[in-house]
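> Fold the following, please.
(one chain, ligands or ions: 1)
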Amino acid sequence: MKRMLISGGNKLTGTISIGGAKNSAVALLPAAILGGVSTIKNVPHISDVNALIDILELLNCQTKLEGHELTIDARHLKNTLIPHKYSNRLRASYYFMGALLGREKYVEIYIPGGCNIGARPIDMHIDGFKALGANIKIDGDKYILEAQKLVGTDIYLRFQSVGATINIMLAAVYAEGTTIIHNAAEEAEIVNIADFLNAMGAKITGVGTNTITIKGVKTLTGAEISVLPDRIEAGTYIILGALIGENLCIKNIIPKHIEALTSKLSEMGAALTIKPHEVIISATKNLKPCNIKTLVYPGFATDIGQPMSVLLTQANGTSLFEETIWENRMGHVPSLNKMGANIKVNGMSAIIEGPTKLHGSEVIATDLRGGAALVLAGLTADGTTIITDVEHILRGYEDIVNKLTQVGAKIELEEI
Ligand code: EPZ
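Reported below is the predicted structural model:
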């Protein structure tokens, strides 16, 4: 167990380099089992990636991680039950459902884990697999998926689910005939996964729109792909720059992927300059309040709502923060209020009165992005903040202590 100690109040200046996207990497690794020998570049060093490497090894895939480059040899895969202690370490273990169903037509896996941010059902994934011809048995916490063969079909998602879109794509690449996913999610990460599958020999078109067409193929080879930059890590540090930056440069980003955030920041009067691959941002005193409503891509990302709520505590007036994707994304609010914020939660919405002075406190990270929000609050606050349960944060933010220390933050991790 670790805790994080932060001594707040320092201005941050210098450059933070953004790593590969967690939510892309966690699908690319399982996708690699659909081919032979693959290389994934720009892999972030986060615990979710380690958990997936352990599952790949369990399935007899050979893996080699050198720096940020991961080689996966899936030629000698042995299909085996993925036990609870492996699947439960992260949400994305469920991508082995689609990938194994595609390749092996048989999967045994226990339920996935992940942040406690809502009920997180997987009914759309299961319905998609069934539509492709799979039989699904649920035995307690274990799923058994099997099919004689998969046959392409039209699948209508009732919501633009990132996970269901990717999982159905992973199975459908090996289906006979054509699958069309209607009302598909449009996130940039999905384009990254489809680029990888297409480089392996898949025939996927329409990614980045809400209609994805997958023409099934008989074989896929290995391929090379680079994980796209993490738009949520980028967004988190850009918000930090708006809080306490002094020409803080966030580099290695794709500005288009974070437009919903940067346009809100401009609306608030934040001092930011957007360049082709970086954003430079400084704190300003006169931030205007604003209303945030999280939406599917390209709307304001739910994963950046909690960090953004910290900035709203420093705006001059009343802001509304409305979450629409997850029922339980306000877990960080009691901690922010303990640190001096004035936030009233009503169901999935919060009214944030600003500006309020934040002071250091002992707080608990209840989930990944809520934990990141507490790091931002701790760095902004006067005095010392101690964050416990930081394992949530380490699941998704690569090398966070070093990246922040390099720009002048006083932050350390301590074993407890
Ligand atoms: C992905 O989760 C991300 N996780 C989440 O990031 C992110 O918040 C979310 O997409 C939305 O952008 C990963 O990529 C590993 P969804 P996912 O399926 O795929 C409901 C983070 O902080 N739903 O798009 O699980 C669901 O309950 C994480 O990095 C069903 O009802 O999200 C939710 O309300 C947290 N049935 C909504 O859809 C289903 O079968 C969106 O879920 C599937 C989803």
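> Tell me the spacing between A185 and the ligand.
Separation of A185 from the ligand (CB to the nearest ligand atom, to the nearest Å): 6 Å. C-beta here means a position set from N, CA and C on the backbone, and glycine is covered the same way.
> Over to G98?
Distance from G98 to the ligand, by CB to the nearest ligand atom: 12 Å.
> Convert the helix or strand containing that residue to PDB, retaining C-alpha atoms only.
Assessed by DSSP states H and E, G98 sits inside helix 95-104. The C-alpha trace of helix 95-104 is given here as PDB (Å, rounded to 0.1, in the frame of the first residue of the first chain):
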ATOM      1  CA  TYR A  95     -11.500  -7.300 -24.000                       C
ATOM      2  CA  PHE A  96     -10.200 -10.900 -23.800                       C
ATOM      3  CA  MET A  97     -13.900 -11.900 -24.200                       C
ATOM      4  CA  GLY A  98     -14.100 -10.400 -27.700                       C
ATOM      5  CA  ALA A  99     -10.500 -11.300 -28.700                       C
ATOM      6  CA  LEU A 100     -10.700 -14.900 -27.600                       C
ATOM      7  CA  LEU A 101     -14.200 -15.400 -29.000                       C
ATOM      8  CA  GLY A 102     -12.900 -14.200 -32.300                       C
ATOM      9  CA  ARG A 103      -9.800 -16.300 -32.400                       C
ATOM     10  CA  GLU A 104     -10.800 -19.400 -30.400                       C
END
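> What is the burial count for G67?
If you count neighbours by other CB atoms under 10 Å, G67 ends up with 9.
> Show me what the helix or strand just after the helix holding G98 is in contact with.
Using DSSP H and E, the helix or strand that follows helix 95-104 towards the C-terminus is strand 106-110. With contacts defined as CB atoms under 8 Å, 6 or more residues apart in numbering, strand 106-110 is touched by 79-84, 86-88, 93-94, 96-97, 100-101, 141-147.
> For the ligand, give me its nearest residue in the protein.
Per CB to the nearest ligand atom, G163 is where the chain lies closest to the ligand, at 2.8 Å.
> For K64, give me phi and psi.
When read as degrees, to the nearest 10, the backbone of K64 gives phi -140, psi 120.
> And the contacts of the strand or helix carrying the residue of the chain closest to the ligand?
Using DSSP H and E, G163 sits in helix 162-172. Applying CB under 8 Å, 6+ apart, the contact partners of helix 162-172 are 23, 27, 30-31, 34, 91-92, 94-95, 97-99, 101-102, 122, 124-125, 128-129, 132, 134, 150, 152, 155, 157, 179, 181, 184-185, 187, 189-190, 193-194, 197, 204, 212, 214, 216.
> partners of the next helix or strand after that helix in the sheet?
Sequence order places strand 178-182 as the next helix or strand after helix 162-172, per DSSP H and E. Looking at strand 178-182 with DSSP bridges, its partner strands are strand 154-156 (parallel), strand 211-215 (antiparallel).
> Give me the distance from the helix or strand following the last one to the chain's centre.
Helices and strands here follow DSSP H and E; after strand 211-215, the next one along the chain is strand 224-226. Here the centre of strand 224-226 is set off from its chain's centre by 18 Å, with CA atoms, centre = their mean, to the nearest Å.
> Tell me who's in contact with G133.
A147, Q148, K149, L150, V151, A175.
> On the three-state scheme, it is what?
Assigned by DSSP: H, G, I helix; E, B strand; the rest coil, the conformation of G133 is coil.
> Check the spacing between it and A74 real quick.
Applying CB to CB, to the nearest Å, the value for G133 to A74 is 23 Å.
> R369 too?
R369 sits at a distance of 31 Å from A74 (criterion: CB to CB).
> Who has more neighbours out of the two?
More crowded of R369 and A74, by other CB under 10 Å: R369, with 30 against 23.
> I'd guess the more buried one is in a helix, am I close?
Yes. Under three-state DSSP, R369 sits within a helix.
> what's it in contact with, if anything?
Per CB under 8 Å, 6+ apart, neighbours of R369: C115, I232, T236, D303, I304, G305, Q306, P307, R329, G396.
> same thing with R395?
Here R395 is in contact with K22, I46, S47, D48, L90, L368 (CB under 8 Å, 6+ apart).
> out of the contacts of R369, which is most surrounded?
Among the contacts of R369, Q306 has the most neighbours (other CB under 10 Å), with 30 neighbours.
> Assess the claim that that residue and V375 are in contact.
No. Q306 is beyond contact range of V375, at 10.8 Å (criterion: CB atoms under 8 Å).
> tell me the secondary structure for I238?
helix.
> Quick check: it vs P289, distance?
18 Å.
> Over to A184?
On the measure of CB to CB, A184 and P289 end up 35 Å apart.
> higher neighbour count, these two?
Between A184 and P289, A184 has the larger neighbour count (other CB under 10 Å), namely 27 against 17.
> I'd like to know how far the more buried one sits from T213.
For A184, the distance to T213 - CB to CB - is 10 Å.
> Quick check: neighbours shared by those two?
Common neighbours of A184 and T213 (CB under 8 Å, 6+ apart) are G206.
> got a list of contacts for the strand or helix carrying L265?
For L265, the host element (DSSP H and E) is helix 259-268. With contact meaning CB under 8 Å, 6+ apart, helix 259-268 is reached by 235, 238-239, 242, 255, 272, 274, 279, 281, 287-290, 292, 295, 298-301, 304, 308, 311, 315.
> Quick check: residues of the chain near the ligand?
Residues of the chain that fall close to the ligand, judged by CB under 6 Å from any ligand atom: 22-23, 26, 91-92, 115, 117-125, 159, 161-164, 185, 302-303, 325-326, 368-369, 396.
> Which of these fall in strands?
With strands defined by DSSP state E, no entry of the residues of the chain next to the ligand lies inside them.
> With just CA atoms, put the helix or strand hosting D48 into CSV.
Counting by DSSP H and E, the element that carries D48 is helix 47-58. Taking C-alpha atoms only, helix 47-58 is exported to CSV below (Å, rounded to 0.1, in the frame of the first residue of the first chain):
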residue,chain,number,x,y,z
SER,A,47,-0.5,-0.9,-13.5
ASP,A,48,-3.4,-1.7,-15.8
VAL,A,49,-0.9,-2.6,-18.5
ASN,A,50,1.0,-4.9,-16.1
ALA,A,51,-2.2,-6.6,-15.3
LEU,A,52,-2.9,-7.3,-19.0
ILE,A,53,0.6,-8.5,-19.6
ASP,A,54,0.0,-11.1,-16.8
ILE,A,55,-3.1,-12.3,-18.6
LEU,A,56,-1.2,-12.5,-21.9
GLU,A,57,1.4,-14.6,-20.2
LEU,A,58,-1.3,-16.8,-18.6
